[in-house]
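Undergrad: let me see the structure of the following:
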Amino acid sequence: MSDFIYDQIFKSKDYTQNNLPRAAYENCTFESCNFSGAYLDNQNFMECTFVDCNLSNANLTNTTFKEVDFKHCKMIGLKFEDCNDFLMNFTFLDCVLNLTSFYGLTLKNQCFTDCKLISADFTKAILHNSQFENCDLDKAIFSNTDLMKADLRSSYNIVLDPGKNKLTHAHFSLEALPGLLAKHKIKVTL
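TA: Numbers count the residues shown, from 1 in each chain. Down below sits the predicted model:
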């Protein structure tokens with residue numbers, strides 16, 4: 001990869017037919033761009049921001065996301081485990097991440113705020129100190145997930161088996177109790 005693109009704004013671009021040029025993008029903003037089903041493989045994004053973009057079902061093989069912010073984006077069906085995980089760091093604000101997979105990733109201090117994570121897969125992920133603020137976790141998969149010191153107090157529709165996940169010092173609200181006991185078929189009235 002020889003091109004280096006920095007401090008650029010890409011607005012209302014459609015990359016579904018013509019791919020984003022292969023380059024290292026630094027401190028760039030992508031606003032209202034359509035990457036749905038696009039090939040973002042082997043791209044490098046460093047300190048970039050995606051706002052109101054559709055990245056659903058994009059190919060992320062060997063893609064690097066270092067200090068990347070996603071705001072108000074549609075990101076259905078992404079496989080973040082296919083990315084280059086070296087220095088992987090991103091935040092999500094008001095994003096739709098349904099059917100997205102974080103399988104086996106180490107995402108310490110990860111921040112999800114006001115996101116829909118319906119049927120998202122966190123199997124074998126390490127999410128130490130991660131924040132799930134006001135997120136919909138309906139049917140999200142937590143299996144052998146390390147949620148040590150994670151904060152899920154304001155999130156909802158949580159169903160996970162404490163016996164199959166590491167929850168040391170994780171924070172949950174009282175409203176999450178039924179989802180933590182779901183496998184036992186216990187009815188909890190709040």
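Undergrad: what about L20, distance to E81?
TA: With the distance defined as Cβ to Cβ, to the nearest Å, L20 ends up 21 Å from E81. Glycine gets a C-beta too; all of them are placed from N, C-alpha and C.
Undergrad: F50 now?
TA: 19 Å.
Undergrad: who's more crowded, these two?
TA: Using other Cβ atoms under 10 Å, the more surrounded residue of F50 and E81 is F50, with 27 against 16.
Undergrad: so that one: helix, strand or coil?
TA: For F50, the assignment made with DSSP: H, G, I helix; E, B strand; the rest coil gives strand.
Undergrad: what's across from it in the sheet?
TA: F30, F70 (DSSP bridges).
Undergrad: now do V96
TA: Counting by DSSP bridges, the residues bridging with V96 are K74, K116.
Undergrad: which stretches in the chain count as strands?
TA: 4-6, 9-11, 24-26, 29-31, 44-46, 49-51, 64-71, 84-93, 111-113, 131-133 (DSSP state E).
Undergrad: buried ones in the longest one?
TA: Of the residues in strand 84-93, those scored as buried under the neighbour-count criterion (16 or more other Cβ atoms under 10 Å) are 84, 88-93.
Undergrad: between the two ends of stretch 92-99, how far is it?
TA: 15 Å (Cα to Cα, to the nearest Å).
Undergrad: give the rounded mean pLDDT of it.
TA: For stretch 92-99, mean pLDDT is 98.
Undergrad: now the helices: where do they sit in the chain?
TA: Using DSSP state H, the helices of the chain run over 177-180.
Undergrad: contacting residues for F35?
TA: 15-16, 20, 53-55, 58 (Cβ atoms under 8 Å, 6 or more residues apart in numbering).
Undergrad: buried ones only from the residues you listed, please, as a PyMOL command.
TA: Of the contacts of F35, the buried ones can be selected in PyMOL as follows, counting by 16+ other Cβ under 10 Å:
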select buried, resi 15+20+53+54+55+58
